[in-house]
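Undergrad: okay, predicted coordinates and the sequence, questions at the end:
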Amino acid sequence: MFSGGLKCAMIALAGAAMLAACAKEEASVTAWPAPTLDGKAPIVIAHRGASGYRPEHTLEGYGLAIEMGADVIEPDLVFSKDEVLIVRHDRYLSGSTDVADHPEFADRKRANDDASDEPRKDWWVEDFTLAELKTLRARQAFPGRSKEYDGLYEIPTFAEVLAFVSGEAKKAGRPIGVYPETKHPGFFAAKGYDFEAPLLDALKGFSAGPVFIQSFEPEILTRLKGKTDAKLIQLVFEASPGAGSNVPLEYIATYADGVGPAKELLLNDDGSDRGFVREAHEKHLAVHPWTFRKDLARSFTGAPEHAAKMSAEDGAIDIELRATYKLGVDGVFTDFPDIAVRVRSDIEKGVVR
Ligand code: G3P
Ligand code: CA
């Protein structure tokens, strides 16, 4: 097919009015100006929903993220006692629910039995049936964020999330994807809860948008390879400053479609490029860094080029997102999808570089 420019040049011969229409069309179809893996603009992944504004992992928070223009919804998955996939970031419940206010569950509080995790006393999701979890209400888990919506929303199951996203995609008339994360698959497997079958079963009927499956643990992803059309994304972090990815990119490239790095792996403290995106792309891995937060944005020192372009009203998250988009990342996880969508749009329109 003809490129936009060639097509317009040909049509221009037909008259000035059509030429003006073409100029308008070309202005709105600019290529993404950073080296993403597929040349397309990066996706905005609503991290735990629009969790900067609503209690995390609630249908209401996911709905707001979709209204804000997010492309993909991120549910973290854990198991209830009766083996239902539940959407929570943490196995413990006191941070994001009102469980501590339920006297009927007071005697369930106990020490963590995952020796590899923090040794806290709390209420643990795998001790509660779905029916019991449904009596809890979600709370804002982050200090400093609005508590206005605390006590209003239920804890959803993964099946409910998929049905909700499908309905919202239909209403919005655009694809909306999901990006489930298997939380603690090794720990759950040792207790007899395996993610593979329930996760793949739940996803079978989902067609509202792209599907990505993420995990910090390579084992579950290597098992899923070849059993699903979903893109597999290995989450990585840096165990100590300067150490690089905790799972080598060479190994990840043998089973995954992409990598989800902690954002610190991409840019140095002065805002300079660490070369991670280029290296991952060379291995044909998409790059989806986490997590971009208005209230936890990095402030770069020094005078990198992007910082010089900031205007007085820009927040640190704007600067951080611009610098990250500029690297050619293929998506970003954010608690504030409205900001990531706006910054992406400004870059597309050439308002900022
Ligand atoms: O899944 C990407 C990112 O969410 C990993 O961190 O702890 O927020 O699940 P976490
Ligand atoms: Ca996650």
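TA: Alright, I've got the coordinates. Numbers count the residues shown, from 1 in each chain. Ligands and ions are numbered 1, 2, ... in the order given.

Undergrad: which parts of the stretch 51-200 of the chain sit against ligand 1?
TA: 76, 89, 181 (C-beta under 6 Å from any ligand atom). Yep, even glycine has a C-beta here, placed from its N, CA and C like the rest.

Undergrad: let's go with 8 Å and repeat that
TA: Counting by C-beta under 8 Å from any ligand atom, the residues of the stretch 51-200 of the chain lying close to ligand 1 are 74, 76, 89, 179, 181, 183.

Undergrad: dump those residues into JSON lines; add pLDDT, neighbour count and distance to residue 35 as well.
TA: Putting those into JSON lines (pLDDT from 0 to 100; neighbours: other C-beta atoms under 10 Å; distance: C-beta to C-beta, whole Å) gives the following:
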{"residue": "74", "pLDDT": "98", "neighbour count": "30", "distance to residue 35": "24"}
{"residue": "76", "pLDDT": "98", "neighbour count": "20", "distance to residue 35": "30"}
{"residue": "89", "pLDDT": "98", "neighbour count": "20", "distance to residue 35": "32"}
{"residue": "179", "pLDDT": "99", "neighbour count": "27", "distance to residue 35": "22"}
{"residue": "181", "pLDDT": "98", "neighbour count": "21", "distance to residue 35": "27"}
{"residue": "183", "pLDDT": "98", "neighbour count": "23", "distance to residue 35": "32"}
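
Undergrad: now, which of those lie close to ligand 2?
TA: Residues shared between these and the neighbourhood of ligand 2 are 76, 181 [C-beta under 5 Å from the ion].

Undergrad: list just the nearest of the residues of the stretch 51-200 of the chain next to ligand 1 to residue 316.
TA: Nearest to residue 316 among those is residue 74, at 22.1 Å by C-beta to C-beta.

Undergrad: and the closest residue to ligand 2 within the stretch 101-250 of the chain, what does it touch?
TA: Closest to ligand 2 within the stretch 101-250 of the chain is residue 181: 4.1 Å, counting by C-beta to the ion. By C-beta atoms under 8 Å, 6 or more residues apart in numbering, residue 181 lies in contact with 74, 75, 76, 77, 213, 214, 215, 235.

Undergrad: would you mark the buried spots in the longest helix that the chain contains?
TA: Counting by DSSP state H, the longest helix found in the chain is helix 158-172. By neighbour count on 16 or more other C-beta atoms under 10 Å, the buried set for helix 158-172 is 158, 159, 161, 162, 163, 164, 165, 166, 168, 169.

Undergrad: now, the contacts of residue 181 that are in strands?
TA: Secondary structure assignment by DSSP state E places 74, 76, 77, 213, 214, 215, 235 of the contacts of residue 181 in strands.
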